[in-house]
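Asker: Here's my sequence, what's the structure:
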Amino acid sequence: MDDPLSSASQHTEVFNDTLGHSVDINAREFDHQWKLYGARFEYAWRYFNFHATQRTTMFNFFIVFSGFLINACFSLLQNNHHILLLLASTLGTAITLFFVFLERRNEELVHVAEEILRALEKEVLFKDLESTIKWPKQRTWLGKMIEPDTEKIPLGIFIRQDYDETQNRKSKYFHGTWLPRIQLTIACMYLLLAFYSLYVVKDSYVLPNIYSFWHFVSRLFPG
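Answerer: Purely as a prediction, here's the structure:
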């Protein structure tokens, strides 16, 4: 006849072994998932950081380049070198459009990484994280700080951006909006110089000084 205490002890040992095995499996699974999320975050962050940095670096290079070229164009304009001005302004227009397309491509690649980081925020990093803070802390077009209210809102980076959009508090100052506008404004300046120099060369009419350009612009946009 089996000893009841011995049988109970054996069952307890089996239960403990099973529980320990289950806990070990769960710990390994958790460790695996955490390493996987960490690898995903690191990969997405490096991709995001590379293209975001490239985006701002290329824009800064464009501004410096445009400063030199615009200065050269107005120097040619002042000295009545209209053929060289036509070539320089045409080159400036083409290079500006190249930078616009490059900026748009970098923006697309940044958004690809943003979607991964946004998902990781929602699923792991800032899941169900909320706090009562002063919100929205944004400025008007005239620079006045909007009086913030104290509200309980979800915290995060991309989560916060999404929340602001749902509450009609989307920022007015997006890189994707303002960088291309600056570039296209400079491209329009090059085009004006190109059309002016083409007008002068075509008619073989050499105007006396730089003010003739502004006269030309006033004729294009009267009133």
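Asker: Low-confidence regions, this structure specifically.
Answerer: The chain contains residues with pLDDT under 70 at 1-25, 30, 203-223.
Asker: and the gap between Phe99 and Ser66?
Answerer: Applying C-beta to C-beta, to the nearest Å, the value for Phe99 to Ser66 is 9 Å. Every C-beta, even on glycine, is put in place using the N, C-alpha and C of the backbone.
Asker: How about Thr90?
Answerer: According to C-beta to C-beta, Thr90 stands 14 Å off from Ser66.
Asker: between these two, which one's more packed in?
Answerer: Per other C-beta atoms under 10 Å, whichever of Thr90 and Ser66 has more neighbours is Ser66, with 20 against 16.
Asker: what's the closest non-adjacent residue to that one?
Answerer: Among residues not flanking Ser66 along the chain, Ile186 sits closest, at 5.3 Å (C-beta to C-beta, 6 or more residues apart in numbering).
Asker: And the helix or strand encompassing that neighbour, what's buried?
Answerer: Assigned by DSSP states H and E, Ile186 falls within helix 175-203. In terms of neighbour count (16 or more other C-beta atoms under 10 Å), helix 175-203 has its buried residues at 179-180, 183, 186-187, 189-190, 192-194, 196-200.
Asker: Nearest to Asp149 among those residues?
Answerer: Using C-beta to C-beta, Leu179 is the member of the buried residues of helix 175-203 that lies nearest Asp149, at 31.5 Å.
Asker: Centre of the chain to the helix holding Ile186, how far?
Answerer: Distance of helix 175-203 from its chain centroid, counting by C-alpha atoms, centre = their mean, to the nearest Å, is 25 Å.
Asker: quick one, strands of this protein?
Answerer: Shown for the chain, the strands assigned by DSSP state E span residues 130-135, 149-154.
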